Every structure is written in structure tokens, then in C-alpha cells.
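S.K.: starting from these lines, generate the structure:
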Amino acid sequence: MVREITVKELQEALARNAVKGFYDNRSTASFDRLHIKGSTSLPIPDAAAGKGLPADKNAMLVFY
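M.R.: Numbers count the residues shown, from 1 in each chain. The predicted structure follows:
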């Protein structure tokens, strides 16, 4: 299931350690310059192919 969340909801989920993956979907060069602390680089083609994602299909993942 995909849904949008607010910044407040994200902050609360991060505080509860509910987020199992926090991914920046831009290019590696953009990630290097602009990523949010704690995020992992996962460009869209890799995410679409399932690379770098946890096996738990119920895990809360955040993509930006």
C-alpha cells in the first residue's frame, strides 16, 4: 500500500523507530548534495527492481 504522510507523521514514525527504510530516490549525485540525514540512496530504477529493499513486505518504508 502506498500513501502520503505529513512531515509530522514522519517525525512521529521515526521517533517510534517504526520506519524500516528511509530512501532518497534521486540520483547519487543529488543524494550526495541534498539528502536528509539518515536516509539511504535508492534511485528509482533500483527501487522499482526491488534492490536494497527489506524482505518484510509489511515494513514501513519512506521514499522521497
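S.K.: check contacts around the closest residue to Ala18 other than its chain neighbours.
M.R.: Take Ala18 and drop its neighbours on the chain: the residue closest to it by C-beta to C-beta, 6 or more residues apart in numbering is Met60, 5.3 Å away. C-beta: built from backbone N, CA, C; applies to glycine. Met60 is in contact with Ala13, Ala18, Val19, Lys20, Gly21, counting by C-beta atoms under 8 Å, 6 or more residues apart in numbering.
S.K.: what does Ala59 give?
M.R.: Ala59 touches Lys20, Gly21, counting by C-beta under 8 Å, 6+ apart.
S.K.: how near is it to Gly52?
M.R.: For Ala59, the distance to Gly52 equals 13 Å [C-beta to C-beta, to the nearest Å].
S.K.: and what of Lys37?
M.R.: 18 Å.
S.K.: name the residues that touch the lowest-mean-pLDDT helix or strand in the chain?
M.R.: Across the helices and strands of the chain, mean pLDDT, DSSP states H and E gives its lowest value to helix 44-48, namely a mean of 91. The contact list for helix 44-48 (C-beta under 8 Å, 6+ apart) reads Tyr23, Asn25, Gly52, Leu53, Phe63.
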